[in-house]
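> take this sequence and fold it.
(chains A and B)
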Amino acid sequence: MSPAPTAGVPAPDGGSPVHDGAEHPEGGGGRRDPGGRRRARWSWAFGLRTRLTLAFLLVAAVSAGTTAALTYREARSALLQTAQDTAVSSFRDEVRQTGFPMPLQAEGIEGVLRDIARKGRPHPWVAFAEYGSIRASSGTSPVSGVITPQLRRAARANPHGSFQRVVKDGVPYLTIAMPTVFPTGPEGVLPTGLVLYAVMRMTDEQINVEALLTAARDGALPGLVVALLPGLLAARSVLRPVRELRRAARSMGSGRLDTRIQVRGGDELADLARTFNESAEQLEHSVRELRQAEARARRFASDVSHELRTPLAGMLAVTEVLDEDAGRLDPDTARAVRLISSETGKLAGLVEDLMEISRFDARAAELNTDELDAAEAVRKTLENRHWTDGRVRTELPEGIRVRLDPRRFDVVVANLVGNALRHGGTPVTVRLRRGTGSDGVPLLVTEVADNGPGIRPEALPHIFDRFYKADAARTRSEGSGLGLAITLENVRLHRGTVRAGNRPEGGAVFTVEIPLHTEGDGR
Amino acid sequence: MRHGHVRRWALAAAPVGALLLAGCGIQGTGVVEAGGPASVRVGPDPDFDALLFFRLPDGELTPVVRSFPPANAFPDEYEQTGGPVLPRSPERAVLALLAGPAKEDEAAGLSTSLPRTTTAGGVRVRSAADGRVLVNLPLALGALDATAVRQLICTAAYSKDRDGRVTVLVKGRDGVTATGICGLDLNGEDPGPTPTAVATRGRTAPPGPTP
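Residues are numbered from 1 along each chain as shown, chains lettered A, B, ... in the order given. Model prediction:
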C-alpha cells in the first residue's frame, strides 16, 4: 500500500479525506507516486474552488472598485467645482466693491487687500496685487510662491477671471487671477493694468476628498466580503457534481462497473455526467461480453477434453494389447505400434491435465485436507513415480505435521520433480523445512533444485504460464506444457505461493510455501 | 499556459488599478477661464478730467487718471454746459502727457516713451469734419517710436471721446503724420485688422514747408 500521508491533508475538493482502504482493496502499491501526490496538492491550491472564488472576488472587486472610483471622482469634482466657483465669484464680488486709485499707490493697498482677504469665501484667502512694479499682498510676502507664470500670462493676455489648482509640497491651493477694468464712458471699458490674485488653501476640501476616498474604500471592502458568499456557493454548486464524478470514476476503477451518476439539470456538468454514464454502460457491456467469451472458451476446452476421454480410454486399451503383441510383428511395424502407443499415452495425460485446469478455471477444484507427515508424503510420491534410483536426493526432516490435500500436494511435488528431471540436470534435490511468512503464519517450505543450466531470466516471469516453452528451440516438449500451471493452481488453492529462481551456484530452484494449517478456508 | 493565465488576470485587473490610482486626493489643473474681469471704481476722482496713457514695465500701455485743478489757467477750457459730449480739456491732457509721468506714476513703475516737453503752447486738438481728431504737436514726430505714437493717439482719443472710439491724426512739427485708433477698449466694436492701435505713419510732405 502507499505510505498514506493523507492524515491532515485535505482531499483535493476540500471535503472529508477519502478513506483509501475501501476503494483500493488490494494491490494498490505503486499506484500513487510521490510526484503525483505533490501535483495533487499543488492543483488543490489552484483548484476549482479557489479559482471560482477568486474569479468571483475579482469581478466583485472590479465592479465595487469601479463604482467606488467613479462615485469618488464625481463627488470630488463636484466638491471642488463648488469650492472653486464660490471662491472665484466671491473674489470678483469683493474686488468689484473696491475702489483703486489710478495709478495705484503702494501705500494703503495692503489694507485694501487685507479687507478683501478677510471676506474670502469659502475660506479666507491671501490676496495679492500686481500693478506696474508694485507688488503687494495681504500676507507676509508681497509675491506668492504658488501662482504660476501660466496664470500670470493668462491674466495679462486676456481680461478674464481665471483660476488654477496648484499642488505644492502636497498641499493643494486654488489660485485665482482677477484682472480689473473700469468704465471710461457709457460703453467703453479699459483695463486698469491692475491684476489681483487670491490664493486659497484647499485644506478642508482635501479633508473632504480624503473622507470621500475612505468612504469609497470602506464601501468597497464589505462589498468584497459579501461577494465571497455567492462565490463560495457557486464554487460548491460546480464542485458537487465534479466530486460525485470523481467518486464514481474511482468506484468503477475498483471494479464496480454498475456505478452510475445521478444526472441533475441540463448544464455542461450534467452532460459530462450523462457521458460518463453512457461510457460506463458500454464498458460494462464490453466487459460482460469478454467474460462470457472467456467462459465459453473455457467450457469448450473442458467439453473437448471430456469428449476426448472416452475414445482415448478405448485407444489406450487397444494400444496396450498391441504393445504386448509388438514383439511378434516385424521391426518396422513394431516401432510404429510403439510410437502410437506412447503418443496415445501422452495424449491421455494431456487430456487429464486439461480437465484438471478446466476444473480450476471453473472453480470446481476442491481441497480435501488431511493431517499428515510432510516427509512421508514426499517419500511416497517419489516411490510411486519410481524416482528412487539416486537421481533424486532428499533432505526430509521428520516430524513436520502439516494439514493439506495429499493428492494435490502429491501432484505439486511430482510435477516439480518431473519438470526438474526433464529440463534440469541430475541430481535433483527435494528439501523440506519449516518457515514463517511475512504475516507470521508458519509455513511448510518445499524446495526442488536441479543442477541444470537454470532458467533464462527472460523466461522467469512466464514459467508458470500454460503451454509456455522455456526453450523456444524445443517445440515439442515431453510434458503436457501444463504441469507448472497446474502446480501453481494447486499451491494457490492451499493459499500458498510458488516461485521459480536460479541458485547462485547454478541450476534452477522452485520454492513452494504452503501454510501448515490450510483448513477452514471455506472451499 | 501559466503565463497566459497571469497575463489575462493582469489584463482584467489593470483598468481597476489604473482607475484607483489615477485620482486620489486633489490634483493640479491647468489655467481655467472663469468669467469676466472685475469692474472696479477708479480713484481718487471718479469724474476724472483726463486719461493719460503711460508705459508699463512690460511695454504695454496703461491709463492713469488725471484731474486738473479748477484754476482757469487755460482760456480755451470751457464748461460742459450742453451738447452731447463736450471736450473738457484735450489740450491739457496732451500737455500733461508730454510733461511725463508724475511722482506717483513713477512710483508705480510707469514710464513714458515721449521726450519730456514742458512747452505750454503749440498743442492744438480739434475735431475734423469727418469725425477724426486732429492733433498738432510742437515736436518732431519722425523721431518717436511706436509706443510714443500710441501714447499720443490714445490720450488724444480719450480726451475727445469718453469711450475713445475715434480715429486720431497726429501731425508733428516736422510735417510727419500718424493716424490710428487707440484700440485698448475692451468693448470695442471694431477690432478690425488693427486691434492695438497700429499707427500708420507717413511723411506727407518733404521737410521744410509747414502746412
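> list the buried residues in stretch A:227-240.
By neighbour count on 16 or more other C-beta atoms under 10 Å in any protein chain shown, the buried set for stretch A:227-240 is A:227, A:231, A:235, A:238, A:239. C-beta coordinates here come from the backbone N, C-alpha and C atoms, glycine included.
> right, is that stretch up against chain B?
No. Stretch A:227-240 does not reach chain B (C-beta under 8 Å from any C-beta of the partner chain); its nearest approach is 14.0 Å.
> send me that stretch as PDB with only the CA atoms.
Taking only C-alpha atoms (Å, rounded to 0.1, in the frame of the first residue of the first chain), the coordinates of stretch A:227-240 have been written out as PDB:
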ATOM      1  CA  ALA A 227     -19.300  38.700  -2.700                       C
ATOM      2  CA  LEU A 228     -17.300  35.900  -1.100                       C
ATOM      3  CA  LEU A 229     -20.600  34.200  -0.100                       C
ATOM      4  CA  PRO A 230     -22.100  33.800  -3.600                       C
ATOM      5  CA  GLY A 231     -18.600  32.900  -4.800                       C
ATOM      6  CA  LEU A 232     -18.400  30.000  -2.400                       C
ATOM      7  CA  LEU A 233     -21.900  28.900  -3.200                       C
ATOM      8  CA  ALA A 234     -21.200  28.900  -6.900                       C
ATOM      9  CA  ALA A 235     -18.000  27.000  -6.400                       C
ATOM     10  CA  ARG A 236     -20.000  24.500  -4.300                       C
ATOM     11  CA  SER A 237     -22.600  24.000  -7.000                       C
ATOM     12  CA  VAL A 238     -20.000  23.400  -9.600                       C
ATOM     13  CA  LEU A 239     -17.800  21.200  -7.400                       C
ATOM     14  CA  ARG A 240     -20.500  18.900  -6.100                       C
END
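> how far is that stretch from where the chain is centred?
21 Å (C-alpha atoms, centre = their mean, to the nearest Å).
> so residue A:103 makes contact with residue B:104?
Yes. The pair residue A:103 and residue B:104 qualifies as a contact (C-beta atoms under 8 Å) at a distance of 5.5 Å.
> on that earlier part again, same list, the buried residues of stretch A:227-240, but as a markdown table with secondary structure and distance to residue A:153 please.
Putting those into a markdown table (DSSP: H, G, I helix; E, B strand; the rest coil; distance: C-beta to C-beta, whole Å) gives the following:
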| residue | secondary structure | distance to residue A:153 |
| --- | --- | --- |
| A:227 | helix | 51 |
| A:231 | helix | 56 |
| A:235 | helix | 61 |
| A:238 | helix | 64 |
| A:239 | helix | 66 |
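> comparing residue A:103 and residue B:104, which residue is more hemmed in?
Between residue A:103 and residue B:104, counting by other C-beta atoms under 10 Å in any protein chain shown, residue A:103 is the more crowded of the two (28 against 16).
> show me the contacts for the more buried one.
Listed by C-beta atoms under 8 Å, 6 or more residues apart in numbering or on different chains, the contact set of residue A:103 reads A:131, A:132, B:54, B:62, B:64, B:104, B:105, B:107, B:108, B:110.
> that one: which element?
Taking DSSP states H and E as the criterion, no element holds residue A:103; it sits outside all helices and strands.
> just how off-centre is the helix or strand where residue A:248 lies within its chain?
Following DSSP H and E, the helix or strand that holds residue A:248 is helix A:203-253. Offset of helix A:203-253 from its chain centre (C-alpha atoms, centre = their mean): 26 Å.
> that one - what's its average pLDDT?
Per-residue pLDDT over helix A:203-253 has a mean of 81.
> ok, stretch B:126-138 next?
Averaging the model's pLDDT scores along stretch B:126-138 yields 86.
> not counting sequence-adjacent ones, nearest residue to residue B:162?
Counting by C-beta to C-beta, 6 or more residues apart in numbering or on different chains, residue B:162 lies nearest to residue A:185, which is 3.0 Å off, once chain neighbours are set aside.
> please read the previous query as pertaining to residue A:306.
For residue A:306, the spatially nearest residue (C-beta to C-beta, 6+ apart) is residue A:355, at 6.9 Å.
> check which helices and strands whatever helix or strand the one you found lives in sits against.
Residue A:355 belongs to helix A:331-361 when elements are defined using DSSP H and E. Applying 3 or more C-beta pairs under 8 Å, 6 or more residues apart in numbering or on different chains; DSSP states H and E, we find helix A:331-361 packed against helix A:268-325, helix A:483-493.
> go with 6 Å
Helix A:331-361 makes packing contacts with helix A:268-325 when contacts are defined by 3 or more C-beta pairs under 6 Å, 6 or more residues apart in numbering or on different chains; DSSP states H and E.
> buried set for stretch A:281-299?
By neighbour count with 16+ other C-beta under 10 Å, stretch A:281-299 contains the buried residues residue A:284.
> per-residue confidence at the residue nearest to residue B:162?
Reading off the model, residue A:185 has pLDDT 79.
> surely it is within a strand?
No. Using DSSP: H, G, I helix; E, B strand; the rest coil, the secondary structure at residue A:185 is coil, not a strand.
> near it, how many other residues are there?
By the other C-beta under 10 Å criterion, the neighbourhood of residue A:185 contains 16 residues.
> name the helix or strand for residue A:175, please.
In the assignment (DSSP H and E), residue A:175 maps to strand A:171-183.
> for that strand, buried residues please.
Counting neighbours by 16+ other C-beta under 10 Å, the buried set in strand A:171-183 is A:172, A:173, A:174, A:175, A:176, A:177, A:178, A:179, A:180, A:181, A:182, A:183.
> pretty sure residue A:196 is touching residue A:177, no?
No. Under the contact definition of C-beta atoms under 6 Å, residue A:196 does not touch residue A:177, with a separation of 7.7 Å.
> chain B against chain A: which residues are in contact?
By the criterion of C-beta under 6 Å from any C-beta of the partner chain, the positions of chain B lying close to chain A are B:16, B:19-20, B:23-24, B:26, B:28-29, B:31-35, B:37-44, B:56-57, B:62-65, B:104-105, B:108-110, B:162-164, B:184-187.
> can you tell me the closest non-neighbouring residue to residue B:125?
Counting by C-beta to C-beta, 6+ apart, the residue nearest residue B:125 is residue B:90, at 3.8 Å.
> quick check, pLDDT for the one you found.
pLDDT, read off for residue B:90, is 82.
> kindly report the same for the one 10 residues further on.
Confidence per residue is given as pLDDT, and for residue B:100 that number is 87.
> now swap in residue A:434 and tell me
With respect to pLDDT, residue A:434 has a value of 90.
> if we can go back for a sec, the inter-axis angle of the helix holding residue A:355 versus helix A:483-493?
30 degrees (axes from the mean of the first three to the mean of the last three C-alpha atoms, to 10 degrees).
> averaged pLDDT, helix A:331-361. What do you get?
For helix A:331-361, the per-residue pLDDT averages 87.
> pLDDT averaged over the helix or strand that that helix is followed by - what is it?
On the C-terminal side of helix A:331-361, the nearest following helix or strand under DSSP H and E is strand A:370-373. For strand A:370-373, the per-residue pLDDT values average out at 89.
> which other helices and strands contact the helix or strand just after strand A:370-373?
Next along the chain after strand A:370-373, taking DSSP H and E as the criterion, comes helix A:374-384. Helix A:374-384 sits against helix A:406-423, with contacts defined as 3+ C-beta pairs under 6 Å, 6+ apart.
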